[in-house]
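Trainee: Need the 3D shape of this:
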Amino acid sequence: RDIEQQRASLMWRRLKKVVGVLLAGGGGCWHLSNAHFGPGNVAAASAGGFFGTEGKANSGSSPTRLLVGTYTQKLGHVDGKGRGLYGFSIDPETGTLTYESVTPAGDNPTWIAECGETVYVVEEAYGKPGRLTAYSVATNEEGRLALTKQNSVSALGPGSCHADITSDGRYIAVANYAGGRTKSDGTSASLAVYERLPLGSIGQLVANATHIGPGSGANRDRQEDPHAHMIYFAPRSKPSDGHALFVPELGEDAVKQYNLSQDGKLTDSAPIHHLPGAGPRHMAMHPTMNFAYVLDELTSTLCVHRYDDAKGKLGPAMQRVTTLPPGFADRIDDSVSTTAAVKLNSSGKHLYVTNRVVGDDGIIAVFKTSSDGRVQASSYHSTGGQTPRDFALVGDSLLLAANQDSDNIVAFKVNPQDGSLKPTGAVAHCPSPVALVVKHLK
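Mentor: As a prediction, this is how the structure comes out:
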């Protein structure tokens, strides 16, 4: 009964916030990790060109679209072959992906945040600060997906890797993987927060922070300095308290905790620490209960934390489990496998994690969640390619996995009872895909 009351209270607070934003003429923004859309499937496109259907979109109801971010440069960790942001329509009956557009989007557009009809693209640059760029998303006269650049701002640090938007749509923040420093030199930031203007463009800088190291050093090759790997805004129980902001810090084996006030002031509090060498990468919140799921990249583990929405803070890890199937060592490092993405379905009953197994096809681990927030592994599935960097849930019936180093996107049907996956046979060939966003356009 207490759990049900907690769920009802949390859902009501979130509903009131969304309704308030809509009545004010705004547009509430939702986390990609908990964003779910109508049915769809995928078919074919290649790195050098596209095979299969190409042409005008269906003149009937607007089809579901898939927007794909890619690596465009050869870097130390990837042989980027992409040409920017790729747009496709998805035929939910046949699973055919129809190529619609490619939009040049600077160096390595490797993350996409969204709010309404605007997407915010993170450019992962090295040797210089990355960029955060706003694009309007619509269809052109031929009915194809079209992106129009609104404006662009500096991310204030190199290796930009993630962005998120507050639930009221007023602020957007970007994380810079290479923005941390062993000592402060005033030239780089781990995170930067900007205003988001009513029509979607990016406004003025309101706050920034630099994580000062050194890193934990437990993994000498990956933790020499701080490495902010994600930005995650979470709602507070009282909207007047602002927004909780969490930053999984791979270099420091911690989740940094901040609060962003309603007027854009950023304050920090004590971080939550993970085991040495764990390397926190991404996180997701349960959609109806106050639990957070933090993914450790370097040790392939998932940690469950309770979230106190009154204080805007996480508690210590209450559970820690491996994301790999039996047969792997109980404790591994990044020479064997690394994790990438973590997301829950709309009910929060099923949680998914991608594992990038070195030298082999990736693995999606499926977990079921319980009423106390804890998880239990229920099934494991090959991603059908190497280095599954991201995935997208299309409604609760389909999962699309982007395999970065196999240049493909593989479609799976989701079993509604246990969350397990079955390949549909639809495979989209797309160069260096690393970020997926599913959108419905008017």
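
Trainee: C-alpha from now on. contacts and neighbour counts both.
Mentor: Noted.

Trainee: measure Leu66 to Asp296 for me?
Mentor: Leu66 sits 28 Å away from Asp296, going by C-alpha to C-alpha, to the nearest Å.

Trainee: In terms of neighbours, single out the busier of the two.
Mentor: Relative neighbour count places Asp296 above the other of Leu66 and Asp296, with 30 against 26, counting by other C-alpha atoms under 10 Å.

Trainee: What residues are bridge-paired with the more buried one?
Mentor: Taking DSSP bridges, one finds Pro280, Thr301 as the beta-bridge partners of Asp296.

Trainee: That one touches Met283, doesn't it?
Mentor: No - contact between Asp296 and Met283 fails when scored by C-alpha atoms under 8 Å: they sit 9.0 Å apart.

Trainee: residue boundaries of the helices in this structure?
Mentor: Per DSSP state H, the chain has helices spanning 2-23. These are given in chain order.

Trainee: Report the buried residues of stretch 70-79.
Mentor: Judged by neighbour count (16 or more other C-alpha atoms under 10 Å), stretch 70-79 contains these buried residues: Thr70, Tyr71, Thr72, Gln73.

Trainee: What average pLDDT does it get?
Mentor: The pLDDT scores in stretch 70-79 average 96.

Trainee: With stretch 197-217 instead?
Mentor: Stretch 197-217 comes out with an average pLDDT of 96.

Trainee: One more: stretch 148-163?
Mentor: pLDDT averaged over stretch 148-163 gives 98.

Trainee: Outside of it itself, list whatever touches it.
Mentor: Contacts of stretch 148-163 with the rest of the structure, by C-alpha atoms under 8 Å, 6 or more residues apart in numbering, involve 110-113, 120, 122-137, 172-179, 188-192, 201-202, 229-232.

Trainee: got it, and stretch 359-370?
Mentor: Residues external to stretch 359-370 that are found in contact with it (C-alpha under 8 Å, 6+ apart): 323-325, 348-357, 375-388, 403, 418-420.

Trainee: sorry, back to before: of the buried residues of stretch 70-79, closest to Arg331?
Mentor: Lowest distance from Arg331 to the buried residues of stretch 70-79 (C-alpha to C-alpha) belongs to Tyr71, with 30.5 Å.

Trainee: how about the strands in the stretch 101-250 of the chain?
Mentor: Residue ranges of the strands in the stretch 101-250 of the chain, as given by DSSP state E, counting those that start in this stretch, are 109-115, 118-123, 131-139, 145-154, 160-165, 171-176, 191-196, 202-209, 232-235, 243-249.

Trainee: Single out the most deeply packed of those strands.
Mentor: Burial among these, expressed as mean neighbours by mean count of other C-alpha atoms under 10 Å, is greatest for strand 171-176, which shows a mean of 30.

Trainee: Taking their axis directions, it and strand 145-154 sit at what angle?
Mentor: Taking axes from the mean of the first three to the mean of the last three C-alpha atoms, to 10 degrees, one finds that strand 171-176 is oriented at 70 degrees with respect to strand 145-154.

Trainee: For the residue lying closest to Ala392 once chain neighbours are set aside, name its beta-bridge partners.
Mentor: Ranked by C-alpha to C-alpha, 6 or more residues apart in numbering and with sequence neighbours excluded, the top spatial neighbour of Ala392 is Leu400, at 5.2 Å. Listed by DSSP bridges, the beta-bridge partners for Leu400 are Ala392, Ala411.

Trainee: Which stretches in the stretch 301-442 of the chain count as strands?
Mentor: Defined through DSSP E, counting those that start in this stretch, the strands belonging to the stretch 301-442 of the chain, from first to last, are 301-308, 313-322, 337-344, 350-357, 363-369, 375-382, 388-394, 398-403, 408-414, 421-429, 433-440.

Trainee: Relative to Gly264, which of those strands is closest?
Mentor: Evaluated over the strands of the stretch 301-442 of the chain, closeness to Gly264 peaks at strand 313-322, with 18.1 Å, by C-alpha to C-alpha.

Trainee: The closest one pairs with which strands, parallel or anti?
Mentor: strand 301-308 (antiparallel).

Trainee: can you count the residues close to Asp185?
Mentor: When counting by other C-alpha under 10 Å, one arrives at 10 neighbours for Asp185.

Trainee: Could you tell me which residues make contact with Val304?
Mentor: By C-alpha under 8 Å, 6+ apart, Val304 lies in contact with Phe291, Ala292, Tyr293, Val294, Ala317, Met318, Gln319, Arg320, Gly373, Arg374.

Trainee: Return the per-residue confidence for it.
Mentor: Each residue has a pLDDT score; the one for Val304 is 98.

Trainee: ok so, going back, between the strands of the stretch 301-442 of the chain, which one is closest to Thr210.
Mentor: Across those, closest to Thr210 is strand 313-322 (C-alpha to C-alpha), at 19.9 Å.

Trainee: what about the residue nearest to Gly425 when sequence neighbours are not counted, neighbour count?
Mentor: On the basis of C-alpha to C-alpha, 6+ apart, the spatially nearest residue to Gly425 that is not a chain neighbour turns out to be Ala411, at 7.1 Å. Other residues near Ala411 number 30, with proximity taken as other C-alpha under 10 Å.

Trainee: Against Asn259, how distant is Lys311?
Mentor: Remark: distance between Lys311 and Asn259 (C-alpha to C-alpha) = 9 Å.

Trainee: picking up where we left off before, mind putting the strands of the stretch 101-250 of the chain into CSV with distance to Gly264?
Mentor: Formatted as CSV, the entries for those read as follows, by distance: least, C-alpha to C-alpha, whole Å:
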stretch, distance to Gly264
strand 109-115, 19
strand 118-123, 19
strand 131-139, 18
strand 145-154, 17
strand 160-165, 13
strand 171-176, 8
strand 191-196, 8
strand 202-209, 6
strand 232-235, 13
strand 243-249, 10
